[in-house]
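Visitor: here you go, sequence then predicted model.
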Amino acid sequence: MSTLLVRDLVAGYGGLDILHGVSIDVGPDEIVTIIGPNGAGKSTLLKSIFGLVPPRAGSVTFMGKDVTGERPNRLVHQGMCFVPQNRNVFPRLTVEENLQLGAYILNADLRERIARVYDLFPPLKEKRRQPAGTLSGGQQQMVAIGRALMLDPKLLLLDEPTAGLSPAFARLILEKVVEINAAGVPILMIEQNAKAALAMSHRAYILTMGRNRMEGPAAELLENPEVGRLFLGG
Amino acid sequence: MTEVLQVILYGLVLGSIIVLGAIGLTLTYGILNFANFAHGDMMTLGAYFALFYRFGLGWPLSLSLVAAMISGAVAAVLIDKVVYRPLRSRGSITLLIASVGVALIIRNLIRFVWGPDNHYYRRGIQFPIRWMGLRIKPDHLWILGVALVLVILVHVFLRYTKIGKAMRAMADNMELAMVTGIATERIVVWTWAIGAALCVAAGFLLGLDTQLFPDMGWNLLLPIFAAVILGGIGSPYGAMAGGLIIGMTQELSTLFISAAYKPVVAFVIMIVILLVRPGGIFRTGGAVKL
């Protein structure tokens, strides 16, 4: 059974549709990447899966249950967690408080979960009492991902996790994504660094103009000359 | 020197009152993203609630304060349900205008029920304590004490309780708070209740310091806004610092200019901050937006 099944999703803002019927699957244990040019509807797709942009048509099925247009806090309860691209930490709250809020819906002792995030991202441990807004971009991204991991998600949605990061930090974050996936969390992500993303993903979808353009095992897409020419910069 | 110390004492008293008013205003401003012009009149209403419990029911003053804080919290939650909540998706200007309407309704209701005249919590003259050349009214000690206790309670609440952390998170980044799964509407109710309870305490202390009259809270709204903007919108700790600074500056200004210009001092500070540091002096808060 697929963890996530999106069929013919139509969504947009105001009177304007951005997605014109997109379909994707994410299997258990998979890393699936969505690539495509700016304006292809990648962010809109994640947001409409997560209920931040209401879908106008099509369906979203999560763990066998229809969740089309379900509100974000209901999806969080079912184990879907989302890391937005921008403004993805609470800047005036400390690192540790950011993590605690990730598990806001749980009434449990969070120390063990927080310790696991610190194991994954050691730099956060020594900064745990600092306001998240004072950290570097890469470390803020660690806080954002760590926050989303606090609930042991059954699916993690990442919107451009390396946007604005230095190459070294970008590499580190992508390595961590692989590590998180290896621990059993399926991941659906958007990544503008398409080559690096394909190299670490199981499968990928290429979107253009709000429609599925190509899909397949990431390794095959990476070697496809047409993909290389059009989407990977030659 | 003694004169300066005396003025600093007055500054602390006024500052504590502004601080209590500013915490609630900054939280609703940051979380609901609108400037609540009815906040000053909620202060007044709270002061009159306490007057009712004190003389209408004959309760002791301290119990009257607690009862008034609870009543104010209930009133604020009801006003939110009836007025602001249905308008919440309409944008901050609509909410601002609605709050002006609420302010006028509250103020005139007070005039209607209690009349336009001054009222007092205590009758008779209080003799000041003399200490190191300073004249200290016992009520001033009460005001400082109550404000200190409430600020500490607010701090503990915001730092160590789940609801308090969620409140700060929502003031920081509303969209992320929703993504995180925080039940935002429930926290909004808590924000109104706590903001109003503190604002009622501010009104009560203001009445204790001087007297009660229908415009008392409205007159203090400007310095409270100045404190909120100074500390950065949505930042309760900024509001505490901002409130003390505004109260102190207003009183210290009387050493140089006529006391009639006190509100002008707050206004000038607010304008300067808006021009040079719209995010507040600590640059941690959200910038003013309408």
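Guide: Great, that's in hand. Everything quoted here is computed from the prediction, not taken from an experiment. Numbers count the residues shown, from 1 in each chain, chains lettered A, B, ... in the order given.
Visitor: burial measure for B:Leu220, as a count.
Guide: 23 (other Cβ atoms under 10 Å in any protein chain shown). (C-beta placed from N, C-alpha, C; glycine too.)
Visitor: how about the residues of chain A by chain B?
Guide: By Cβ under 8 Å from any Cβ of the partner chain, the residues of chain A that approach chain B are A:50, A:52, A:72-73, A:76-77, A:82, A:84, A:87-93, A:97, A:100-102, A:104-105, A:131, A:133, A:147, A:151.
Visitor: where's A:Lys65 relative to A:Ile105, distance?
Guide: For A:Lys65, the distance to A:Ile105 (Cβ to Cβ, to the nearest Å) stands at 18 Å.
Visitor: what packs against the worst-scoring helix or strand of chain B on mean pLDDT?
Guide: Ranking every helix and strand in chain B by mean pLDDT, DSSP states H and E puts strand B:129-131 at the bottom, with a mean of 85. Packing contacts for strand B:129-131, counted by 3 or more Cβ pairs under 8 Å, 6 or more residues apart in numbering or on different chains; DSSP states H and E, involve strand B:134-136.
Visitor: from the contact counts, what lies against the strand it packs on?
Guide: By 3+ Cβ pairs under 8 Å, 6+ apart, strand B:134-136 packs against helix B:2-32, strand B:129-131.
Visitor: any chance you could map the helices in the chain?
Guide: Just so you know, I chose chain A. All helices of chain A, identified by DSSP state H, fall at A:42-49, A:72-78, A:95-102, A:111-120, A:122-126, A:137-149, A:167-182, A:194-200, A:218-223, A:225-231.
Visitor: wrong chain, I was asking about chain B
Guide: B:2-32, B:39-51, B:61-79, B:85-87, B:92-114, B:138-160, B:162-172, B:174-180, B:184-209, B:216-231, B:236-253, B:262-276.
Visitor: looking at those helices, which is buried most?
Guide: For these, the largest average neighbour count (mean count of other Cβ atoms under 10 Å in any protein chain shown) is found in helix B:39-51, namely a mean of 28.
Visitor: partner residues bridging the residue nearest the centre of chain A?
Guide: Nearest to the mean C-alpha position of chain A, by Cα atoms, centre = their mean, lies A:Leu158 at 1.4 Å. A:Leu158 has these beta-bridge partners by DSSP bridges: A:Val83, A:Met189.
Visitor: ok, it touching A:Pro84?
Guide: No - using Cβ atoms under 8 Å, A:Leu158 is not in contact with A:Pro84; the gap is 9.3 Å.
Visitor: now do the buried residues in stretch A:33-40.
Guide: For stretch A:33-40, the buried set under the neighbour-count rule, 16 or more other Cβ atoms under 10 Å in any protein chain shown, comprises A:Thr33, A:Ile34, A:Ile35, A:Gly36, A:Ala40.
Visitor: distance of B:Val272 relative to A:Asp17?
Guide: Distance from B:Val272 to A:Asp17, by Cβ to Cβ: 47 Å.
Visitor: quick one: residues contacting the closest residue to chain A within the stretch 151-290 of chain B.
Guide: In the stretch 151-290 of chain B, the residue that lies nearest chain A is B:Gly181 (3.4 Å; Cβ to the nearest Cβ). Shown in contact with B:Gly181 (Cβ atoms under 8 Å, 6 or more residues apart in numbering or on different chains): A:Pro72, A:Asn73, A:Val76, A:His77, A:Tyr104, A:Ile105, A:Leu151.
Visitor: out of the residues you listed, who's nearest B:Val156?
Guide: A:Tyr104 (19.1 Å; Cβ to Cβ).
Visitor: higher neighbour count, A:Lys65 and A:Ile105?
Guide: Each of A:Lys65 and A:Ile105 has its neighbours counted (other Cβ under 10 Å); A:Ile105 has more, 16 against 9.
Visitor: pretty sure the more buried one contacts A:Val76?
Guide: Yes - the criterion here is Cβ under 8 Å, and A:Ile105 meets it with A:Val76 at 6.2 Å.
Visitor: overlap of the contact sets of these two?
Guide: In contact with both A:Ile105 and A:Val76: A:Leu151, B:Gly181, using Cβ under 8 Å, 6+ apart.
Visitor: could you check how far the residue of chain A found nearest chain B is from B:Gly207?
Guide: Closest to chain B within chain A is A:Val76: 3.4 Å, counting by Cβ to the nearest Cβ. Between A:Val76 and B:Gly207 the computed distance is 45 Å (Cβ to Cβ).
Visitor: contacts only, for B:Ala147.
Guide: For B:Ala147, counting by Cβ under 8 Å, 6+ apart, the contacting residues are B:Ser16, B:Ile17, B:Val19, B:Leu20, B:Ala201, B:Leu205.
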